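In: Generate coordinates for the sequence data below:
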Amino acid sequence: MGYVHPLVTRPNSSLTVVVGLTALLSIPLAVAAGVAHSPRWYPLYDLAMTEMRVRDVGLAHPPLVGLPGRLGGFGLQGSHPGALSFYALAPTYRLLGSTAWGMEVGVAVLNAVAVGVALVIARRRGGLWACLGVAAGLAVAMRAFGPEIMTHAWNPFMPVLWWVVFLLAVWSVLDDDLPWLPVAVFAGSFCAQTHISYVVMVGVLGGLAVASVVGRAWQERGEPAQVRRAGVWLAGSAGLALLLWAPALVEELRSGTGNLTVVVEGFRDPLTPPIGLRDGLEIWFSRLDPWGFVTGEAHGGPGATLRAVALLLAWAASVVLAWRRRDESLLRLDLVLAVSLVVGLLSLTRISGVPWFYLHLWGWGTAALLAVATVWGLAVSVDAAGELPEGWRRRGPAVLAVGLVLVVGSSTWSAAYREEPVASLTEGIRGVAPAAVETLRRDGAPGGGPDGRYLVQWVDPVAIGDQGWSLLSELERVGLDAYVTPAFATGARDHRVLSPGDAAATATVTLVVGPPIEEFRHRQGAVELSYFEPRTRAEQARFAELRELVEAEMAAAGVDPGVLDVSLFLAGQQPGLSPEAGAALAEMQQLGLPLAVFVEPT
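Out: Numbers count the residues shown, from 1 in each chain. Below you'll find the predicted structure:
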């Protein structure tokens, strides 16, 4: 029999506390979602692809895999493993009129549910104190993530709180609380399907949970009731896993080379070398840095490393104390955290290419539970030694509650001033899409209007087609048949693909950005549907000044300045440019260029 102490073991604490804390932590989510309602948001690139997949749920072509990513093998682009996030967003999306805003609200709802589930688990594991501690960790994590991550339907953002739920559910299973096994299956599947960065960690920790159930059943094989109990929960959880992964498995089996095979091959033979242990450790320490966690800024460096090491040492001390007390439940949480830290580090070392911040957002969720486990373990040790004043037992929850309110208040303030993601690009598509869509949906419109079939293309030297994907989604939103060329099949999905010369296409709609607009205005048969200049006169003059600076540097470096009219992003990748030229190109992208939408016969 392990250590039992009333400070951490009050499983019968009222659910009212859980409901109240969930409501409190959901306030910033509600405020951020409300702010996102106006002005109307236009999803760009990945977000437009996400909305089109959410729109496909329940229709003739349900999504089977996740978004395209920096994944691939056999010369094919791979997608993230599964489509669960699209199905999870669909109910709220449909309820709110299949609007882009409904998708953002769906993210907020999913995160609120994750908060509630995490707090229920904490209450079962340790009562009031554990519930308040996990609530505090979640509140700080949500503040660190910020309102955009908490309400933006981008696939790297959506799993961050469900990762915490997964860790807590695995802990519960190790604690022989088997009803949480299916919760671990759902949370782990949601994380792993939505973004590839969670796959290995979920696989290892999920295997640990299953092994603990099987091992305990083997130890209790002389008690048929216990063996049946384990068998029922294992079978039910396996059935749930099969259901959640069914779309991905269907795609894998019906395709010549399935997506899962492509992704596995990409990991076995990456196009670029992994970043390795040194860079992986720096990222790992930056995510475990308590100061970075509190401020919401994950920066590396010696300071971050020292602070992270201090947290790890404090946690190690709490583990030693828990071991001496034989506090089995807390030690199982420590085991879950230890495995997640080790496997997380190994996952970081295998990142190929640029280790963008969104590839390791899970680190803050792990850090939150690490801090909770550390404080919890040390507090219980002090209390077990009889050194915790009686007043702290009474006043401690109140102190924690006040701290929670302050943190949530800070998050709510940030949520009230939530910035629109990629505002300059969104402003551009907001300037051209409504008029173009309204014209094309009319009877007798060029290309046939409601009876037409439009091939959507874009010429975009500023971004990488972000606004073109948005236009595609907007045409589809109003019921028009809109398609892309086979080159974009992975992003659009096969049922939205037409070849440029396909007789079924009645017209081509092209979003044009920048200087090529004049060329399109002189093309025979082209009709200009809308035009928008996002820059003031002063900003136009500034853009011209910056372009002259960059052109001069390119000429000196032997680079063709014509790349500026192809892609500002590609221009920034050219060798021999100074940091000043790089900064100038970034400012040019921020300033933007005029946009126009044209329709012409195919």
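In: Skip the chain neighbours and tell me the closest residue to Phe145.
Out: Distances taken as C-beta to C-beta, 6 or more residues apart in numbering put Val160 closest to Phe145, at 6.1 Å, once the chain neighbours are dropped. The way it works is simple: take the backbone N, C-alpha and C, and place the C-beta from them, glycine included.
In: Could you count how many residues lie near the closest residue to Trp291 other than its chain neighbours?
Out: For Trp291, ignoring the flanking residues on the chain, the nearest one in space by C-beta to C-beta, 6+ apart is Arg307 at 5.5 Å. Neighbour count for Arg307, taken as other C-beta atoms under 10 Å: 18.
In: cool, Gly256 as well?
Out: Neighbour tally, Gly256, other C-beta under 10 Å: 5.
In: What ranges in the stretch 101-250 of the chain fall below the confidence cut-off?
Out: Of all residues in the stretch 101-250 of the chain, none has pLDDT under 70.
In: swap in the chain?
Out: Using pLDDT under 70, the chain drops low at 1-14, 383-394, 396, 500-502.
In: how is it carved up into domains?
Out: Following automatic domain parsing, one finds the domains of the chain at 11-271+389-421, 273-388, 423-602.
In: quick revisit: the residue nearest to Phe145 contacts His152, correct?
Out: No. Taking C-beta atoms under 8 Å as the definition, Val160 is not a contact partner of His152, at 11.0 Å.
In: So the two - more neighbours on which side?
Out: It is Val160, of Val160 and His152, that has more neighbours when counted by other C-beta under 10 Å, with 25 against 22.
In: mind listing what the more buried one touches?
Out: Ala141, Phe145, Ile149, Leu361, Trp362, Trp364, Gly365 (C-beta atoms under 8 Å, 6 or more residues apart in numbering).
In: Using CSV, write out every CA atom in stretch 576-583.
Out: Below are the C-alpha coordinates for stretch 576-583, written out as CSV (Å, rounded to 0.1, in the frame of the first residue of the first chain):
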residue,chain,number,x,y,z
GLY,A,576,24.8,37.1,-51.2
LEU,A,577,22.1,39.4,-49.8
SER,A,578,22.8,41.5,-46.6
PRO,A,579,20.6,41.4,-43.5
GLU,A,580,19.5,44.9,-44.5
ALA,A,581,18.2,43.6,-47.8
GLY,A,582,16.4,40.7,-46.0
ALA,A,583,14.7,43.2,-43.7
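In: Now it: buried residues?
Out: Leu577, Ala581, Gly582 (16 or more other C-beta atoms under 10 Å).
In: which one of those residues sits closest to Pro28?
Out: Closest to Pro28 out of the buried residues of stretch 576-583 is Gly582 (35.2 Å), distances taken as C-beta to C-beta.
In: The closest one is in what secondary structure piece?
Out: In the assignment (DSSP states H and E), Gly582 maps to helix 579-591.
In: As a check, name the ranges of all helices in the stretch 51-200 of the chain.
Out: 84-95, 100-151, 160-174, 181-194, 199-219 (DSSP state H, counting those that start in this stretch).
In: and of the ones you listed, who's closest to Leu24?
Out: Leu24 lies closest, by C-beta to C-beta, to one member of the helices of the stretch 51-200 of the chain: helix 100-151, at 7.8 Å.
In: And the residue nearest to Trp291, how far from Ala482?
Out: According to C-beta to C-beta, to the nearest Å, Arg307 stands 51 Å off from Ala482.
In: show me where the stretch 301-450 of the chain has strands.
Out: In the stretch 301-450 of the chain, no strands are found when defined by DSSP state E, counting those that start in this stretch.
In: go on, the stretch 501-602 of the chain?
Out: 507-513, 527-532, 595-600.
In: could I get those strands as a markdown table with distance to Ala169?
Out: Shown next, in a markdown table, are the strands of the stretch 501-602 of the chain (distance: least, C-beta to C-beta, whole Å):
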| stretch | distance to Ala169 |
| --- | --- |
| strand 507-513 | 45 |
| strand 527-532 | 48 |
| strand 595-600 | 47 |
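In: Make CSV from these and add mean neighbour count and distance to Glu476 to it.
Out: Compiled in CSV, the strands of the stretch 501-602 of the chain are given as follows (neighbours: other C-beta atoms under 10 Å; distance: least, C-beta to C-beta, whole Å):
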stretch, mean neighbour count, distance to Glu476
strand 507-513, 24, 12
strand 527-532, 17, 16
strand 595-600, 24, 15
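In: Out of those, the one nearest Arg221 is which?
Out: strand 507-513 (65.8 Å).
In: so Ala48 touches Glu476, yeah?
Out: No. Using C-beta under 8 Å, Ala48 is not in contact with Glu476; the gap is 9.7 Å.
In: neighbour-wise, which of those two wins?
Out: Applying other C-beta under 10 Å to Ala48 and Glu476 shows that Ala48 carries more neighbours, namely 26 against 20.
In: Spatially nearest residue to Glu533, not counting backbone neighbours?
Out: Pro594 is the one closest to Glu533 (C-beta to C-beta, 6+ apart), at 4.3 Å.
In: Helix, strand, or coil at the residue in the chain sticking out farthest from the centre?
Out: Most distant from the centre of the chain: Gly222, at 45.6 Å, with distances by C-alpha atoms, centre = their mean. Using DSSP: H, G, I helix; E, B strand; the rest coil, the structure places Gly222 in coil.
In: Please give me every residue in contact with it.
Out: With C-beta under 8 Å, 6+ apart, Gly222 has no contacts at all.
In: One more: Pro397?
Out: Leu128, Trp129, Leu132.
In: now swap in Thr151 and tell me
Out: Contact analysis of Thr151 by C-beta under 8 Å, 6+ apart lists Leu29, Ala32, Ala33, Ala36, Glu104, Val105, Val107, Ala108, Asn111, Arg418.
In: So which of those is the closest to Leu455?
Out: Nearest to Leu455 among the contacts of Thr151, counting by C-beta to C-beta, is Glu104 at 29.2 Å.
In: how close does Ser212 sit to Arg332?
Out: Taken as C-beta to C-beta, the span from Ser212 to Arg332 is 9 Å.
In: Can you work out which residues contact both of the two?
Out: The contact lists of Ser212 and Arg332 share Leu174, where a contact means C-beta under 8 Å, 6+ apart.
In: how about the residue nearest to Val210 when sequence neighbours are not counted, secondary structure?
Out: Spatial nearest neighbour of Val210, excluding adjacent residues (C-beta to C-beta, 6+ apart): Leu234 at 7.1 Å. Taking three-state DSSP as the rule, one finds Leu234 in the helix state.
In: Could you double-check that Leu234 lies in contact with Ser212?
Out: No. Counting by C-beta under 8 Å, Leu234 stays clear of Ser212, with 11.0 Å between them.
In: When these two are compared, which one has more neighbours?
Out: Neighbours were counted for Leu234 and for Ser212 using other C-beta under 10 Å; Ser212 has more, 20 against 16.
In: Next, the contact list for that one, please.
Out: Counted by C-beta under 8 Å, 6+ apart, Ser212 has contacts Val173, Leu174.
In: and Val478, how many neighbours?
Out: Val478: 12 neighbours (other C-beta under 10 Å).
In: Just confirm it contacts Val437, I think it does.
Out: Yes. With contact defined as C-beta under 8 Å, Val478 reaches Val437; the gap is 5.7 Å.
In: mind listing the helices for the stretch 201-350 of the chain?
Out: Under DSSP H, counting those that start in this stretch, the stretch 201-350 of the chain gives helices at 224-254, 259-268, 276-288, 290-295, 302-325, 328-349.
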